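Asker: just coords:
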């Protein structure tokens, strides 16, 4: 072949081989996605059975079993504020057969809360879907002389100080939502930590601690029974389950928060499998039965953003809650 040197022929040959290898790899990924799932899938839940993430995992698993004809194993990997489950998912093969229900604490708060975190939420996982949020309610014991969030802020600014609030421990939404309101409204509040949200709520009901942010599930029954007074919901929009309770945002503009549950896969999971999981989970969330079970558990179903938007969302949440954790003085406390 005139005009072509031996080196150029070799270079062309290498490019052809590389192109062939890429095409073969692409074809393999497509074939994997077409055959997926070929065996049962493990859904790791980094917290105990019966909680919001566990209910979401089991509800979605049943629906996806019907769609795919393949079984799901829901595995509760409990410990270290979600770290045990996250590390197990991080180290699992990136083949689509290990997924995790990842709450906001695991994916955002822990980055700043932990002194040394053995995983990086933004790099070690691929967000597949954001199917649900868990709104919280600011509740007060009926003896507290306030009827609204505006009343509460005014009360908190007046002597005597400080005002105490109940929380399920450092870095959880019950704690950070109160700290965010404290920062935004310029009020003085001090946390009283319990070993769970129910013991904390029980002490608010008993009048030992005057106020707390509590998730929607346990809050509704107590509000309806009149054992606590609902002052405001944590989301900027009113909730169908508590239509007469205004948002905290009305008195503290910009306050719009909720705990959330994300489904993630290990980094490196083939893109065609990621796209199928994203699509099929979104379709499962449109099922009225699935949405009803999620709402019954105190969560609000979400129309999940795109894959790219999910990645951006994780990074923005890490930044937002990192700032709240630092201002609360619990950075690196775990």
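Answerer: Yep, it's here. This structure is a prediction, so every number in the text was calculated from the model and none was measured. Residues are numbered from 1 along each chain as shown.
Asker: what residues sit buried inside stretch 50-60?
Answerer: 51, 52, 53, 54, 55, 56, 57, 58, 59, 60 (16 or more other Cβ atoms under 10 Å). No exception for glycine: its C-beta is placed from N, CA and C like everyone else's.
Asker: return the subset of those residues lying in strands.
Answerer: When DSSP state E defines the strands, the subset of the buried residues of stretch 50-60 inside them is empty.
Asker: just these now: which is nearest residue 140?
Answerer: Nearest to residue 140 among the buried residues of stretch 50-60 is residue 52, at 23.3 Å by Cβ to Cβ.
Asker: returning to what we had before: looking at the buried residues of stretch 50-60, which is nearest residue 251?
Answerer: residue 52 (26.6 Å).
Asker: helices - which of the buried residues of stretch 50-60 land there?
Answerer: 52, 53, 54, 55, 56, 57, 58, 59, 60 (DSSP state H).
Asker: what's the pLDDT at the third one?
Answerer: Looking back up the chat, that one is residue 54. Per-residue pLDDT puts residue 54 at 90.
Asker: spatially, what comes nearest to it if we skip its sequence neighbours?
Answerer: The shortest distance from residue 54 to any non-neighbouring residue, by Cβ to Cβ, 6 or more residues apart in numbering, is to residue 45 (5.0 Å).
Asker: from residue 278, how far out is that neighbour?
Answerer: Computed with Cβ to Cβ, to the nearest Å, the distance linking residue 45 and residue 278 is 20 Å.
Asker: swap in residue 316?
Answerer: From residue 316 over to residue 278 (counting by Cβ to Cβ), the distance is 19 Å.
Asker: can you check residue 157 too?
Answerer: According to Cβ to Cβ, residue 157 stands 46 Å off from residue 278.
Asker: who has more neighbours, those two?
Answerer: Using other Cβ atoms under 10 Å as the criterion, residue 157 and residue 278 rank with residue 278 on top: 21 against 13.
Asker: packing partners of the helix or strand hosting the more buried one?
Answerer: Applying DSSP states H and E as the criterion places residue 278 in helix 271-284. Counting by 3 or more Cβ pairs under 8 Å, 6 or more residues apart in numbering; DSSP states H and E, the packing neighbours recorded for helix 271-284 are helix 6-35, helix 52-68, strand 125-134, strand 259-266, helix 307-327.
Asker: wait, residue 233 touches residue 248, no?
Answerer: Yes: assessed by Cβ atoms under 8 Å, residue 233 is found in contact with residue 248 at 6.8 Å.
Asker: which residues do the two both contact?
Answerer: Taking Cβ atoms under 8 Å, 6 or more residues apart in numbering as the criterion, residue 233 and residue 248 both touch residue 138.
Asker: neighbour count for the two, which is higher?
Answerer: Each of residue 233 and residue 248 has its neighbours counted (other Cβ under 10 Å); residue 248 has more, 32 against 27.
Asker: how about the more buried one, what does it touch?
Answerer: Residue 248 touches 138, 149, 181, 231, 232, 233, 234, 255, counting by Cβ under 8 Å, 6+ apart.
Asker: repeat that for 7 Å
Answerer: Taking Cβ atoms under 7 Å, 6 or more residues apart in numbering, we find residue 248 in contact with 138, 149, 181, 232, 233, 234, 255.
Asker: state the distance from it to residue 242.
Answerer: With Cβ to Cβ as the criterion, residue 248 and residue 242 are 12 Å apart.
Asker: ok, residue 266 next?
Answerer: Distance, residue 266 to residue 242, by Cβ to Cβ: 38 Å.
Asker: between those two, which one's more packed in?
Answerer: residue 266 (21 against 18).
Asker: which residue is the nearest non-sequential neighbour of that one?
Answerer: In space, residue 266 is closest to residue 94, 4.3 Å off (Cβ to Cβ, 6+ apart).
Asker: count the residues that sit near that neighbour.
Answerer: Residue 94: 16 neighbours (other Cβ under 10 Å).
Asker: so it sits in a helix?
Answerer: No: applying DSSP: H, G, I helix; E, B strand; the rest coil, one finds residue 94 to be coil, outside a helix.
Asker: give me the pLDDT value at it.
Answerer: Looking at residue 94, its pLDDT is 97.
Asker: give me the pLDDT for residue 33.
Answerer: 65.
Asker: apologies, that question was intended for residue 247.
Answerer: 97.
Asker: isn't residue 294 up against residue 132?
Answerer: Yes: using Cβ atoms under 7 Å, residue 294 makes contact with residue 132 at a distance of 5.4 Å.
Asker: tell me which of those two has more neighbours.
Answerer: Using other Cβ under 10 Å, the more surrounded residue of residue 294 and residue 132 is residue 132, with 29 against 23.
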